[in-house]
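> output the structure for:
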Amino acid sequence: MSIFNILSLTGGLALFLFGMNYMGSSLERLGGGKFEEILEKMTSNRLKGLLLGAGITAVIQSSSAVTVMAVGFVNSKIMSLSQVVGIIMGANIGTTITSWLLSLTGIQSSNIFISLLKPSSFTPVLALIGIILYLFCKSDRKKNLGSILLGFSVLMFGMEAMSAAVEPLKDVPQFTSLLTAFSNPVLGVTAGMILTAVIQSSSASVGILQALTVTGSITVASAFPIILGQNIGTCVTALLSSVGANKNAKRTAVVHLLFNTVGVLLAMLLFYGINSVFKLPFIENIVSPSDIAVIHTLFNVFATAALFPFGKILEKLACIIVKDSRSEGGETLVDKKFLISSSYAINKAMEECTKMGMIAKENIMLCLDFINEYSKINDERISENEKLLDAYEDKLETYLVKINSMRLNLEDSVKMSKLTHAIGNFERIGDYGINILKTKRKMHQNKIHFSSQANDGLEVMSNAVSEIVEKSIQAFIDDDISLAKTIEPLEQVIDNLKVELRAKHSKRIQNGECTVENGIMFFDIVNSFERIADHCSNIAVCIIELSQNSFKPHSYLRVIKNDESKTFAEAFEKYLNKYKL
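Below you'll find the predicted structure:
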């Protein structure tokens with residue numbers, strides 16, 4: 001084997017691994033988070049979980065990806081440990097589809113129709129279609145479809161390159177001797193386990209084994225233990241993803257390891273037990289790529305059939321291995337495991353941002369209640385909520401930075417912009433709620449009271465603020481553009497109320513009806529009301545502008561205030577009459 005063969009092998013392996021990864025990520029993008037949502041919603045029993053795990057793994061071509069999703073679901077308490085056992089078992093069956101696709105490279109026939117099934121025959125056509133879709137189509141869906149075809153083509157070209165590079169090894173006695181050594185069960189399992197752990201993909205390591213079959217040196221005796229080892233090695237990805245997760249997420253990874261390890265031990269006992277008694281005649285037969293696919297499939301189906309009834313026992317063993325600790329680490333707001341899919345990660349971030357918005361709204365409503373009467377219980381509740389809002393902001397912003405590093409389509413980019421603006425505005429709304437809290441707390445401690453005229457004015461303005469907060473957060477949650485368009489006229493009315501209330505209170509100070517200290521506190525509350533409305537307006541304008549793939553808030557505000565249809569003026573007049581002083 002020359003240096004050129006080694007270079008060809010290295011290049012082929014690189015193309016193969018890249019193609020597999022690129023095809024899987026493209027399938028994820030095409031799915032737009034739907035695969036994860038299906039897993040999340042349709043795992044009411046273990047059999048459903050098994051079927052879904054197998055189906056989704058077959059589609060996205062990665063059992064590692066599905067098991068990492070499972071770890072993330074459990075860590076975020078979306079699923080229980082018992083729900084994901086079936087998914088893990090199904091993922092092992094679904095991953096065998098890849099080996100069957102790769103086995104097509106071994107087709108040999110003079111029949112033209114059968115030869116067309118060989119990847120070297122149809123892959124160039126798929127690559128051509130893929131590059132046309134990717135370069136010349138504007139639709140993200142068509143571009144993703146093109147990426148899938150390109151990924152598959154690169155994968156197959158890599159497989160062909162590896163096979164061609166290692167073919168000369170069939171005449172090298174040392175290589176034959178090395179492969180023969182793997183017929184030792186311990187060595188074979190260890191080799192398969194290490195290879196898969198390094199590249200973190202059982203599908204890829206099985207593909208490499210299939211490429212090596214062209215040397216004519218791999219027998220059933222050496223292939224069988226290597227394939228078993230590959231199924232243990234693939235557990236490394238899930239184990240790594242559970243680092244730093246909660247105890248049930250760790251248990252999910254342990255269930256995966258237990259399932260594959262016990263399955264391997266059972267298969268070895270059965271296979272080598274039967275061979276020691278009956279001396280299986282095919283054990284020294286040379287294997288082809290399709291034979292590797294058969295062995296891989298038979299093992300995973302056997303392991304699943306044998307262990308499916310014992311899912312509860314696997315759970316209990318995992319709970320024994322990962323014991324309950326006295327203090328469990330703090331929960332994450334959005335789990336980093338969901339980064340395996342940008343669309344799904346954004347959907348989960350949207351859910352958490354919605355919770356943040358609801359907390360901000362609750363705080364403002366509690367603060368508005370303070371206008372009439374101070375409440376120690378509400379004071380404590382608002383302070384707790386403010387800590388939550390700060391935590392949400394910190395966690396979500398960190399999470400969005402990670403999502404931004406992924407490949408996003410236009411729709412996802414728009415959602416990211418909406419999230420980024422909403423998080424900042426929700427947090428600032430909460431801050432102004434705290435400002436109101438501090439003012440009312442000081443008034444309570446110093447027994448300071450506003451006049452009845454001042455309280456009446458604050459009540460009118462607080463009602464307007466209550467409405468704008470309610471509408472802006474609902475518009476964000478529902479992505480309701482028509483509702484968002486009602487925000488700006490109300491914000492303008494609140495601006496006017498601020499001016500009027502400040503002017504009236506200044507007169508009361510001048511007339512000696514109110515102290516300067518009271519006046520400062522009154523102005524602080526009114527200013528906070530106005531700033532809350534400003535941030536509600538920011539949220540609404542963001543929703544409207546991003547719906548048109550644009551973000552020019554100042555231009556938008558200038559346009560709507562000079563709208564020829566007078567819709568802004570009409571809405572403004574309606575709110576002006578509703579919130580009269």
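> how far away is Pro185 from Leu419?
52 Å (CB to CB, to the nearest Å). Using the backbone N, CA and C atoms, a C-beta is placed for each residue, glycine as well.
> the more surrounded of these two?
Between Pro185 and Leu419, counted using other CB atoms under 10 Å, Leu419 has the larger neighbour count: 22 against 17.
> can you tell me the element the closest residue to Ile532 other than its chain neighbours falls in?
Nearest non-adjacent residue to Ile532, counting by CB to CB, 6 or more residues apart in numbering: Tyr432, 4.9 Å away. Assigned by DSSP states H and E, Tyr432 belongs to helix 410-445.
> so for the next helix or strand after that helix, what gets flagged as buried?
Later in the chain than helix 410-445, the nearest helix or strand by DSSP H and E is helix 452-478. Under the neighbour-count criterion of 16 or more other CB atoms under 10 Å, helix 452-478 has 454, 457-458, 460-462, 464-469, 471-473, 475-477 buried.
> then stretch 348-368?
Neighbour-count burial for stretch 348-368 [16+ other CB under 10 Å]: 348-350, 352-353, 356-357, 359-368.
> next, give phi and psi for Trp286.
Careful, residue 286 is Ile and not Trp. phi -70, psi 140 (degrees, to the nearest 10).
> the residue most distant from the middle of this protein, which is it?
What lies farthest from the middle of the chain is Asn511; by CA atoms, centre = their mean that is 61.5 Å.
> so how far is Gly519 from it?
Following CB to CB, the distance that separates Asn511 from Gly519 is 12 Å.
> what does Ser413 give?
Ser413 is 47 Å from Gly519, by CB to CB.
> which of those two has more residues huddled nearby?
Counted by other CB under 10 Å, Ser413 and Gly519 do not tie: Gly519 has more neighbours, with 18 against 15.
> what residues are up against the more buried one?
His505, Ser506, Arg508, Ile509 (CB atoms under 8 Å, 6 or more residues apart in numbering).
> now, of those residues, which are buried?
His505, Arg508.
> out of the contacts of Gly519, list just those in helices.
If you go by DSSP state H, the contacts of Gly519 have His505, Ser506, Arg508, Ile509 in helices.
> which helix or which strand is home to the residue lying closest to the second one once chain neighbours are set aside?
The shortest distance from Ser506 to any non-neighbouring residue, by CB to CB, 6+ apart, is to Gly519 (7.3 Å). Secondary-structure element containing Gly519, defined by DSSP H and E: helix 516-546.
> and that helix with helix 452-478, angle?
Helix 516-546 and helix 452-478 are oriented at 20 degrees to each other (axes from the mean of the first three to the mean of the last three CA atoms, to 10 degrees).
> phi first, then psi, for Thr219.
Torsion angles, degrees, to the nearest 10, at Thr219: phi -110, psi 170.
> residue ranges with poor pLDDT in the stretch 401-550 of the chain?
549-550 (pLDDT under 70).
> again, 80 this time
By pLDDT under 80, the low-scoring segments of the stretch 401-550 of the chain are 406-411, 546-550.
> residues of the host helix or strand of Glu393 that come out buried?
Under DSSP H and E, the secondary-structure element containing Glu393 is helix 376-404. For helix 376-404, burial by neighbour count (16+ other CB under 10 Å) applies to 378-379, 382, 385-386, 388-389, 392-393, 395-396, 399-400, 403.
> just name the shakiest helix or strand of this protein by mean pLDDT.
Ranked by mean pLDDT, DSSP states H and E, the weakest helix or strand in the chain is helix 553-561, scoring a mean of 57.
> quick one: name whatever helix or strand follows that helix.
Assigned by DSSP H and E, the successor of helix 553-561 is helix 567-578.
> need the mean per-residue confidence for that following helix.
Helix 567-578 shows a mean pLDDT of 87.
> other SSEs contacting the helix holding Glu393?
Helices and strands touching helix 376-404, by 3 or more CB pairs under 8 Å, 6 or more residues apart in numbering; DSSP states H and E, are helix 342-369, helix 410-445.
> adding distance to Thr196, write the ones you listed out as CSV.
CSV is the format used below for these (distance: least, CB to CB, whole Å):
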stretch, distance to Thr196
helix 342-369, 26
helix 410-445, 32
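> once you drop chain neighbours, what's closest to Ser203?
Thr98 (3.9 Å).
> give me the pLDDT for that neighbour.
81.
> from Phe16, how far out is Met193?
The value you get for Met193 to Phe16, if CB to CB is used, is 20 Å.
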